[in-house]
Every structure is written in structure tokens, then in C-alpha cells.
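> Dropping a prediction and its sequence here:
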Amino acid sequence: MKFFILFLLATAFNVTISTVKSIVTVKGTKMSAAILNAVTYGFYTYVIILTNGDGLSTLAKMLITAGCNFVCVYLVKYIEEKKAPEKMWKIEIAIPCTDDFKNTYFHKMMETEFDIPNNYNTLGSWTIFNCYCDTRKKTDYVVNLCKENNGKMSAYESKI
């Protein structure tokens, strides 16, 4: 039982720091990525030694490793998503002008559903909308509305 708990905790820790390492390698500084890589691969040596131990069957080790990967990666990504700051997006959408009612409906839906600030102009056979979204929910709504109306879209993140 001691070996089971040790293997479970070591695997969970290893998966967690490996996932964080992957994120930091892409989004972090050179120094933070280097430090986390050193810690991750250093600890991984210990996990390999535990994997070779006789305290559990190979199947049990496989199930623990799979379960830890599923749970720990999900949790790390969930935490990363929740702590990410909301960003301001300007989304430009072009909707075909095949039906004036459709374009008016599109404009009114953005105003009534989420009160998304926007403006629009007609350009040839297209209506061009500029939408300003300050939450993920609003951004997702505008993107889906564009797809539903066979529109084309460009998005720009606001930087400080």
C-alpha cells in the first residue's frame, strides 16, 4: 500500500510539473523554462526508478499513469484558463448582403444579446461589422454568429 501511494503521488507530481513545464516553455522566459525543464527531468528519473519497482503490477502502473495524466493535465489547463486575463478583441466580420433583414437581424442580435459595441458599413455586396468584445463569452458569441451567417472574420487583440 505504501508503494501504491508513493507511486501515485510521484506520478501525479511528475505529470503536473511536466504540464506546467510545457506551458512555461512556450509562454515563459528562457530562465523559467530552463529551471522547470531541469526540475522536471530530474524528478522524472525518480519516477522511472519507481516504475521499475516490484510493488505494483504493470497494469496497475499503467492505469495510475493514465489516470494521473488525465486528471492532472485537465486541472493544470483548467487553472491556466481561469487565471488568464480577459482580453479586449476587435473582430471585423463581413456578411454577404444577400438579405437586408439578415444583416439588420445580425446587428440587433449583437446589441440585444450581450450589448456588444459595434458599427457597420456596406461595402459592395458585403456588410462589414466591427465588434468590440471584452469577455470570452462575447467573443465566442460573435464568432458563432459570424459562422451562422456565412461570414468572414478577422480578430485583433488589444495590447497595452
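Nice, thanks for sending it over.

> what pLDDT, on average, does the helix or strand where residue 59 lies get?
If you go by DSSP states H and E, residue 59 is part of helix 58-83. If you average the pLDDT over helix 58-83, you get 94.

> Tell me which residues of that helix come out buried.
61, 64, 65, 68, 69, 72, 76 (16 or more other CB atoms under 10 Å). For every residue, glycine as well, the C-beta is placed using N, CA and C.

> Check stretch 30-37 too.
Applying 16+ other CB under 10 Å to stretch 30-37 flags 33, 36, 37 as buried.

> Domain parsing of the protein, as residue ranges.
2-83, 89-157 (automatic domain parsing).

> And the ones you listed, which one averages the lowest pLDDT?
Mean pLDDT is lowest for domain 89-157 among these, at a mean of 84.

> can you map out the strands along the chain?
89-96, 118-123, 126-133, 152-157 (DSSP state E).

> what's the angle from the third one to strand 89-96?
If I follow you right, that is strand 126-133. Strand 126-133 and strand 89-96 meet at an angle of 160 degrees, taking axes from the mean of the first three to the mean of the last three CA atoms, to 10 degrees as the criterion.

> do the same with the second one
Angle of strand 118-123 versus strand 89-96, following the same axes, to 10 degrees, is 40 degrees.

> starting at the chain centroid, how far to strand 118-123?
A distance of 31 Å separates the centroid of the chain from that of strand 118-123, by CA atoms, centre = their mean, to the nearest Å.

> about what we covered before: mind checking which of the buried residues of stretch 30-37 are in helices?
Judged by DSSP state H, helices contain the following of those: 33, 36, 37.

> Put together a markdown table for the strands of the chain, with distance to residue 10 and mean neighbour count on each row.
As requested, the strands of the chain are exported to a markdown table (distance: least, CB to CB, whole Å; neighbours: other CB atoms under 10 Å):
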| stretch | distance to residue 10 | mean neighbour count |
| --- | --- | --- |
| strand 89-96 | 41 | 19 |
| strand 118-123 | 52 | 12 |
| strand 126-133 | 43 | 20 |
| strand 152-157 | 39 | 12 |
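
> mind giving me CSV with those strands and columns for distance to residue 146?
Output for those, formatted as CSV (distance: least, CB to CB, whole Å):
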stretch, distance to residue 146
strand 89-96, 5
strand 118-123, 12
strand 126-133, 8
strand 152-157, 5
